[in-house]
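Trainee: Here is a sequence with its predicted model. Questions after.
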Amino acid sequence: MDQRPAPRLQGFSPDAAWLVPTSRWANPNRGELTLEAPPRTDFFNDPAGAPVKGDAPAWLTPVTAPATLRACVRPDFRDTFDAGVLMLYQTPTVWAKLCFERSPDGRPMVVSVVTRGTSDDANSSFVRSPEVWLRIGVHERSVAFHASSDGEGWDLVRHFRLTDTDSPLRIGLLAQAPLGDGCSVAFSSVELSAGVEADIRSGR
């Protein structure tokens with residue numbers, strides 16, 4: 001068992017905890033976390049009926065709307081569908097993730113998944129850089145996913161309602177390697193803060 005102190009990140013509660021634990025992580029300061037996904041780990045409730053996957057390592061904290069989680073995400077992209085992920089989680093059948101993922105043709109891209117019983121899977125934009133900024137805005141009645149090349153100008157990826165219940169939410173970081181032998185993801189400039197963007201469409 002890992003006996004190190006738990007990761008500490010900017011804005012995360014002392015009640016933050018592993019949804020899926022891993023011993024392969026590094027947390028040099030409150031703005032950085034590196035996670036190593038073990039081989040063939042993922043979070044996906046396949047709509048086509050394949051077995052549910054929920055074994056990718058994830059560090060999550062309780063969150064209350066309105067709130068925003070942002071981070072610069074840099075996976076080492078060894079295999080298809082390797083990804084660094086920002087995750088919003090309620091239950092094993094109600095959750096969403098915003099991913100920086102390696103596509104089947106090898107290009108990095110932004111992908112989103114919303115799970116209400118089963119998961120959907122929506123590709124967004126290709127990214128020419130080895131890293132991208134991702135952001136989750138938790139609004140009172142909805143959720144906004146945004147991506148950015150520089151952490152300044154943001155593009156809307158998705159706007160949706162996750163749930164109609166008042167069950168507690170958790171938010172945080174995840175690394176996945178669904179097909180390959182593992183993936184290391186460096187998250188930097190990690191910050192969870194109160195409040196959300198004023199304009200969902202413009203991202204400002």
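Mentor: Everything's here; your move. In this text, all values refer to a predicted model and were calculated from it rather than measured experimentally.

Trainee: tell me the pLDDT at the residue nearest the centre of the chain?
Mentor: What sits nearest the mean C-alpha location of the chain, by Cα atoms, centre = their mean, is residue 86, with 1.4 Å. Residue 86 is assigned 99 on the pLDDT scale.

Trainee: Could you give the bridge partners of it?
Mentor: residue 98, residue 173 (DSSP bridges).

Trainee: pull the longest strand from this protein.
Mentor: Taking residue count as the measure and DSSP state E as the definition, the longest strand of the chain comes out as strand 183-194.

Trainee: So which elements touch that one?
Mentor: strand 32-37, strand 67-75, strand 83-91, strand 169-176 (3 or more Cβ pairs under 8 Å, 6 or more residues apart in numbering; DSSP states H and E). For the C-beta atoms, the positions are set from N, CA and C on the backbone; glycine is no exception.

Trainee: Compute the first-to-last residue distance for stretch 40-52.
Mentor: Taking Cα to Cα, to the nearest Å, the span from the opening residue of stretch 40-52 to its closing residue is 13 Å.

Trainee: which of the residues in that stretch are buried?
Mentor: Buried residues in stretch 40-52, counting neighbours by 16 or more other Cβ atoms under 10 Å, are found at 40-45, 52.

Trainee: do stretch 14-27 as well
Mentor: Of all the residues in stretch 14-27, those buried under the rule 16+ other Cβ under 10 Å are 16-17, 19-20, 22, 25, 27.

Trainee: same check, this time on stretch 197-204
Mentor: Per 16+ other Cβ under 10 Å, stretch 197-204 contains these buried residues: 197, 200, 203.

Trainee: That one spans what distance, first to last residue?
Mentor: Counting by Cα to Cα, the length from the leading to the trailing residue of stretch 197-204 is 5 Å.

Trainee: what about it, distance to the chain center?
Mentor: 20 Å (Cα atoms, centre = their mean, to the nearest Å).

Trainee: swap in stretch 40-52?
Mentor: Chain-centre distance of stretch 40-52: 16 Å, with Cα atoms, centre = their mean.

Trainee: Show me the shaky parts of this protein.
Mentor: By pLDDT under 70, the weakly predicted segments of the chain are 1-3.

Trainee: In its sheet, which strands sit next to whichever strand or helix holds residue 109, and in what direction?
Mentor: Secondary structure from DSSP states H and E places residue 109 in strand 108-116. Within its sheet, and counting by DSSP bridges, strand 108-116 is paired with strand 94-102 (antiparallel), strand 118-119 (antiparallel), strand 122-126 (antiparallel).

Trainee: Pull the residues that contact the shortest one.
Mentor: Going back to what we said before, that points to strand 118-119. Strand 118-119 is contacted by residues 44-47, 113 when judged by Cβ atoms under 8 Å, 6 or more residues apart in numbering.

Trainee: any chance of those residues in a markdown table, plus distance to residue 73 and secondary structure?
Mentor: Rendered in a markdown table, the data for the contacts of strand 118-119 read as follows (distance: Cβ to Cβ, whole Å; DSSP: H, G, I helix; E, B strand; the rest coil):
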| residue | distance to residue 73 | secondary structure |
| --- | --- | --- |
| 44 | 18 | strand |
| 45 | 22 | coil |
| 46 | 24 | coil |
| 47 | 25 | coil |
| 113 | 15 | strand |
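
Trainee: Cool, thanks, talk later.
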